[in-house]
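Asks: show me how the following folds:
(2 chains)
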Amino acid sequence: MTSESFGDLIERCRAAEDELVRQWRTDVAASLRGRVSEIELDKELRDLLDAVLSAVGSPQGSDTRSPAFGEVRALLVELSRSRALQGFSPRETAIGVFALKRAVRESVGAGPEFQAFSDVIDELGLFTFETYAKAREEVISNQAEQLLELATPVVKLWHGVVALPLVGTLDSARAQVVMEKLLQTLVDTGSEYAIIDITGVPAVDTQVAQHLLKTIVAARLMGAQCIISGIRPQIAQTIVALGIEFGDIPTKATLADALMLALGRSGVDVAAEMTKRGL
Amino acid sequence: MERLPILKIGPMLLVSIQVDLRDDMVIALQEDLAERIVDTGARGVVIDITALDIVDSFTGRMLATVAALSRVLDAETVVVGMRPAVAITLVELGLSLDGIKTALDVERGMRLLSSGGGSGR
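Replies: Coordinates of the predicted model:
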């Protein structure tokens, strides 16, 4: 198929460009409800229209995968990505493309060649939606990664004592991150005691216990000792019911108890420290 | 063949592993160490593996063997400076090195030996 199938539609569109863009912008602006400025939108749409018209006018004008549509695709990728990142809905993003059909029909008139043009726009609309979905997926996976980072802080409680307050479910991926982060912190700070506080862990099953034990054994291999704290009554019941053995790993009910134990073992005299710091 | 140097510091021996370990070096180290413990009458052995970033099951078993060997000769072994990645690998390999003392660095390891207690398991 060549550009003949579109007849003089392109010339007529070019001639009525201002009216067309105005019509298009009105439709798009109505759905965006003022979240993108008129001037910005006008520029976006003009660029897009220009690219679409020259692509459609080219010899491979009906094949949206052809090189002739390269610029159109690039513009659409940019548009749908920015819409996705700004939190627009799929409908609001896709309407930007589909509204072109109505604008062309109303300002230029629907001839027999309009059907072919409409097919091209439909293709482009689908492409936009695909890119939008891809961009959203990227956002989600980025957020999941950030969450993984955020959710595992290692805090220093005392010289040589660090604490790892665990919040949320501990699956294998998280357990791995937690383990690496804790062990790295032990090396970086030269801490001999690590307190793993599981107050924020909603449930402890055999798998979670397994992850904790692995972390603790790894820490021991490096020459640090771990204390588990924050075991709630229900959790204690579960641990016993499941027959999980913590062996000789000290477990405490509260973080305070665990800190006392760590300080006691490392031989810190808290009162003397306080006097030294003038507290 | 390359041999790992064994340094005598006071009543202790220090082995610092600075190169990638080959199996023949590991076997030579076990022999040398046993000899040096007998010669010097050392009471403790500190093995520094700070520079070791790859371990396999053979190396892991070597550490256990060295510990057992020194225990027979009435010396205690402390493995110091294990990297997080190495520790994770050993755990995943199922080598928890029971009976070996560990410390974060050489200094702490020596203190542990001279105090004669600490994080013994």
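Asks: going by C-alpha atoms from here, please, whenever you check contacts or count neighbours.
Replies: Noted.
Asks: against which helices or strands is the helix or strand that contains A:Leu263 packed?
Replies: Using DSSP states H and E, A:Leu263 sits within helix A:255-266. In terms of contacts (3 or more CA pairs under 8 Å, 6 or more residues apart in numbering or on different chains; DSSP states H and E), helix A:255-266 is packed against strand A:161-167, strand A:193-200, strand A:225-229.
Asks: residues in contact with that helix?
Replies: Helix A:255-266 is contacted by residues A:Leu157, A:Val161, A:Tyr193, A:Ile195, A:Asp197, A:Ile227, A:Ile228, A:Ser229, A:Gly230, A:Thr251, A:Lys252, A:Asp269 when judged by CA atoms under 8 Å, 6 or more residues apart in numbering or on different chains.
Asks: cool, and stretch A:238-253?
Replies: A:204-206, A:209, A:213, A:226-232, A:258.
Asks: narrow those residues to those that are buried.
Replies: A:Val204, A:Ala209, A:Leu213, A:Cys226, A:Ile227, A:Ile228, A:Ser229, A:Gly230, A:Ile231, A:Arg232, A:Ala258 (16 or more other CA atoms under 10 Å in any protein chain shown).
Asks: and those residues, which is closest to chain B?
Replies: A:Leu213 (9.7 Å; CA to the nearest CA).
Asks: that closest one looks like it's in a helix, true?
Replies: Yes - judged by DSSP: H, G, I helix; E, B strand; the rest coil, A:Leu213 forms part of a helix.
Asks: local confidence estimate at the residue lying closest to it once chain neighbours are set aside?
Replies: Spatially, and ignoring its direct neighbours in sequence, A:Leu213 is nearest to A:Phe246 (7.4 Å; CA to CA, 6 or more residues apart in numbering or on different chains). At A:Phe246, the predicted lDDT confidence score is 85.
Asks: quick one: secondary structure of A:Phe246?
Replies: coil.
Asks: with A:Ala203 instead?
Replies: coil.
Asks: okay, now the nearest residue in space to it that is not next to it in sequence: neighbour count?
Replies: Excluding its sequence neighbours, the residue lying closest to A:Ala203 (CA to CA, 6+ apart) is A:Ile235, at 6.8 Å. Using other CA atoms under 10 Å in any protein chain shown, A:Ile235 has 18 other residues around it.
Asks: could you do A:Ala262 as well?
Replies: 23.
Asks: quickly find the element holding the residue of the stretch 101-250 of chain A found nearest chain B.
Replies: Proximity to chain B, evaluated over the stretch 101-250 of chain A using CA to the nearest CA, is greatest for A:Gly223 at 3.6 Å. A:Gly223 belongs to no helix or strand when assigned by DSSP H and E.
Asks: what's the answer for A:Leu100, then?
Replies: Assigned by DSSP H and E, A:Leu100 falls within helix A:90-108.
Asks: so after that helix, what's the next helix or strand?
Replies: helix A:114-150.
Asks: for that next one, which positions count as buried?
Replies: A:114, A:117-118, A:120-125, A:127-133, A:135-136, A:148.
Asks: now residue 79. Its backbone dihedrals?
Replies: I'll assume chain A. Dihedral pair for A:Leu79: phi -60, psi -50, per degrees, to the nearest 10.
Asks: actually chain B
Replies: phi -100, psi 130.
Asks: ok, back up a step: quick check, the residue nearest to A:Ala203 in contact with A:Val201.
Replies: No - counting by CA atoms under 8 Å, A:Val201 is not a contact partner of A:Ile235; they are 9.2 Å apart.
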